[in-house]
Structure formats: C-alpha cells, structure tokens
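Engineer: Sequence unavailable; structure follows:
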C-alpha cells in the first residue's frame, strides 16, 4: 500500500512562490491552499536533515510568527512521542512559552 502527498508551487517571474496548494487524497484533502509550508526529511545515508521552507508573498508576518510558534510546539510534542524524553520535551515547551511571550502571541 502507498499514500501520496503532493505539493504544487506556483512561482512568479522571479521564482518567488505566489500560490501553494497541497493534496493528500487519503486524508480527504484536494488542492487546498496554504500560505506557508515547512517540510523536513531525514537523509539516513548523509545523516542530515533536508528541508523545504516556502511561503507566499501574501503570508503576513504576524501569521508567520504564529505558524512558527505552532510548529515549534508540534515539534516538541513529536520529539516526546518519538524519543520518550519527557524532560527535554518539557524544556522545549518552556522555550515555546518564552517564544510566544516575547512575540506577544498569548
């Protein structure tokens, strides 16, 4: 069995993203629009993370700050589930709270 997730990036003449859409048919998502995306992949052979970070010209800075905060919180949760390291996950979540406070998100 396989599952496909597809990202489409429409670029302007300067190769700046103008529109991002994504499809995940197994999840019931068909060409949904997004203003930003971050994808990380682990290259086991090179022992390094490969990343794709894109956002459209229409992504407001205030929304980008919330996007980063929510991504950091999700990473802390995922770290805890993946490693069972509750102490470090709590430290990461403390940083997320600090991040939100400094950006006045809460």
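Structural biologist: Looks like it arrived, so ask away. On a predicted model such as this, the values are computed, not experimentally measured, just so you know.
Engineer: Only C-alpha atoms from now on, for both contacts and neighbour counts.
Structural biologist: Will do.
Engineer: Tell me who's in contact with the most centrally placed residue in the chain.
Structural biologist: What sits nearest the mean C-alpha location of the chain, by C-alpha atoms, centre = their mean, is residue 38, with 3.6 Å. By C-alpha atoms under 8 Å, 6 or more residues apart in numbering, residue 38 lies in contact with 51-54.
Engineer: Just among the residues you listed, which is most surrounded?
Structural biologist: Counting neighbours by other C-alpha atoms under 10 Å, residue 54 leads the contacts of residue 38 with 15 neighbours.
Engineer: State the pLDDT value of that one.
Structural biologist: Note on residue 54: pLDDT of 97.
Engineer: How about the secondary structure of it?
Structural biologist: strand (DSSP: H, G, I helix; E, B strand; the rest coil).
Engineer: doesn't residue 17 make contact with it?
Structural biologist: Yes - using C-alpha atoms under 8 Å, residue 54 is in contact with residue 17, at 7.2 Å.
Engineer: immediately after the helix ranked longest in the chain, which helix or strand?
Structural biologist: In the chain, assigned by DSSP state H, the helix with the most residues is helix 61-83. Next helix or strand after helix 61-83 toward the C-terminus (DSSP states H and E): helix 86-102.
Engineer: Find the nearest non-adjacent residue to residue 3, please.
Structural biologist: residue 26 (6.8 Å; C-alpha to C-alpha, 6 or more residues apart in numbering).
Engineer: try residue 99
Structural biologist: In space, residue 99 is closest to residue 69, 7.1 Å off (C-alpha to C-alpha, 6+ apart).
Engineer: Any figure for the gap between that neighbour and residue 46?
Structural biologist: Using C-alpha to C-alpha, to the nearest Å, residue 69 is found at 29 Å from residue 46.
Engineer: Quick check on the two: which one has the bigger neighbour count.
Structural biologist: Counting neighbours by other C-alpha under 10 Å for residue 69 and for residue 46 shows that residue 69 has the greater number, 19 against 8.
Engineer: Report the contact partners of the more buried one.
Structural biologist: 96, 99-100.
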